[in-house]
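# Compute the structure for the input listed below.
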Amino acid sequence: MGGSKARDVPENKIPLCRRCHDMKTRNRIKAWVEKGFYCWQAVPSRGGLPGQNTIFRVPIEISKRYGCLVLAEEEAS
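This next block holds a predicted model:
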């Protein structure tokens, strides 16, 4: 659909379920990549939501096969 070459990078591509994708599109959650983690948080609203200050952090890596962010493989200990 045209898009932007500046935003068409692996760090800006992550598989999301339909509900999370819709929430991100409607600016109900904000998401960002930070030091190997995909982070997201509910956007504050009038009346507030319980736990809206909670930030979820999921370890990620760039998939060599698909060129997008995927869950990081856990290292064997």
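
# make it CA atoms for all contacts and neighbour counts henceforth
Will do.

# which neighbours does the helix or strand harbouring A31 have in its sheet, and in what orientation?
Using DSSP states H and E, A31 maps to strand 29-34. Note on strand 29-34: by DSSP bridges, its sheet partners are strand 37-42 (antiparallel).

# Show me how far the strand it pairs with is from its chain's centre.
6 Å (C-alpha atoms, centre = their mean, to the nearest Å).

# go on, stretch 14-22?
Relative to where its chain is centred, stretch 14-22 has its mean C-alpha point 9 Å off (C-alpha atoms, centre = their mean).

# buried ones in it?
Of the residues in stretch 14-22, those buried by neighbour count under the rule 16 or more other C-alpha atoms under 10 Å are I14.

# end-to-end on that stretch?
Using C-alpha to C-alpha, to the nearest Å, the end-to-end distance of stretch 14-22 comes out at 14 Å.

# ok, and what's touching it?
By C-alpha atoms under 8 Å, 6 or more residues apart in numbering, the surrounding residues in contact with stretch 14-22 are C68, L69, V70.

# export those to JSON lines and tack on secondary structure?
Output for the contacts of stretch 14-22, formatted as JSON lines (DSSP: H, G, I helix; E, B strand; the rest coil):
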{"residue": "C68", "secondary structure": "coil"}
{"residue": "L69", "secondary structure": "strand"}
{"residue": "V70", "secondary structure": "strand"}
